[in-house]
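Enquirer: Build the 3D model from these lines:
(2 chains)
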Amino acid sequence: KAGVTQTPRYLIKTRGQQVTLSCSPISGHRSVSWYQQTPGQGLQFLFEYFSETQRNKGNFPGRFSGRQFSNSRSEMNVSTLELGDSALYLCASSAGTPNTEAFFGQGTRLTVV
Amino acid sequence: AQSVTQLGSHVSVSEGALVLLRCNYSSSVPPYLFWYVQYPNQGLQLLLKYTSAATLVKGINGFEAEFKKSETSFHLTKPSAHMSDAAEYFCAVTANYGGSQGNLIFGKGTKLSVKP
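Expert: This is a model prediction of the structure:
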């Protein structure tokens, strides 16, 4: 059974640009969540998508957005990148129902210069 | 609102010694609690979870945690540390009642070092 796949693994972008990260969940999983991990703030929840609908949203500015496709694959987009957006972005997939485990991908390391 | 606090950003133990990583939670509803481990340049792996069944939860790799409501704690222990246990450990609680792991609130993490 394939795990959660995040692409790309590493990314370097310039301040002001935009970026799109991709997450392919485990087959059959309908929930995809995104987290930002930084040394200063730790792991912070960005948003969760379930069956193509945003179900929960964290406290991040509107520059951070996401979507989910009918095959449950998800993308997150960050526009007008800032230096502070440099982080490890983690995606987690689960069945999306109570008491089901979330499985994490290896993450995308974004560096903004 | 739910939150978790991990006491100690770094813990160092000798190989074979007891591992104790501390986590306290704050929750307005019965919590669902988790411990995750993260190895360098990797994602998170679930070690164990508390979902209101048994208060003593056994996980993978010999880890276990005990839910203590009176102390609002969910500390992670392992009787004998192994070099391969060196990693960062995160305690987490579901943000919403019901246990869906789609929205987790994490502690700041504890880096465990194991000395030979």
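Enquirer: Quick check: pLDDT value at the nearest residue to residue B:10 once chain neighbours are set aside.
Expert: Nearest residue to residue B:10, sequence neighbours excluded (CB to CB, 6 or more residues apart in numbering or on different chains): residue B:111, at 5.0 Å. Yep, even glycine has a C-beta here, placed from its N, CA and C like the rest. The per-residue pLDDT reported for residue B:111 equals 97.
Enquirer: Please tell me how far residue B:111 sits from residue B:90.
Expert: 11 Å (CB to CB, to the nearest Å).
Enquirer: Below-threshold pLDDT in chain A: ranges please.
Expert: A:1 (pLDDT under 70).
Enquirer: where does it come near chain B, residue by residue?
Expert: When proximity is defined by CB under 8 Å from any CB of the partner chain, chain A lies next to chain B at A:4, A:31, A:33, A:35, A:42-45, A:48, A:50, A:55-56, A:58, A:90, A:92, A:94, A:96-107.
Enquirer: Just the buried residues of these.
Expert: With burial judged by 16 or more other CB atoms under 10 Å in any protein chain shown, the buried subset of the residues of chain A next to chain B is A:4, A:31, A:33, A:35, A:43-45, A:48, A:50, A:55-56, A:58, A:90, A:92, A:94, A:96, A:102-107.
Enquirer: Sort out which of the residues you listed are in strands and list them.
Expert: Applying DSSP state E to those, the entries found in strands are A:31, A:33, A:35, A:43-45, A:48, A:50, A:55-56, A:90, A:92, A:94, A:103-104.
Enquirer: about what we covered before: hang on, the residue nearest to residue B:10 packs against residue B:8?
Expert: No. Residue B:111 is beyond contact range of residue B:8, at 9.1 Å (criterion: CB atoms under 8 Å).
Enquirer: Near residue B:112, how many other residues are there?
Expert: By other CB atoms under 10 Å in any protein chain shown, the residues close to residue B:112 number 21.
Enquirer: Roughly how far does the residue sitting nearest the centre point of chain A sit from residue B:51?
Expert: Note on chain A: the residue nearest the mean C-alpha position is residue A:34, at 3.2 Å, using CA atoms, centre = their mean. Counting by CB to CB, the gap from residue A:34 to residue B:51 is 24 Å.
Enquirer: Next: residue A:84.
Expert: For residue A:84 relative to residue B:51 (CB to CB), the value is 36 Å.
Enquirer: quick one, which of those two is more surrounded?
Expert: Ranked by neighbour count (other CB under 10 Å), residue A:84 and residue B:51 place residue B:51 first, with 16 against 11.
Enquirer: got the phi/psi numbers for the more buried one?
Expert: The phi/psi pair for residue B:51 (degrees, to the nearest 10) reads phi -130, psi 40.
Enquirer: And the pLDDT at it?
Expert: For residue B:51, the predicted pLDDT is 82.
Enquirer: Let me know whether it touches residue B:30 as I believe.
Expert: No. Taking CB under 8 Å as the definition, residue B:51 is not a contact partner of residue B:30, at 9.4 Å.
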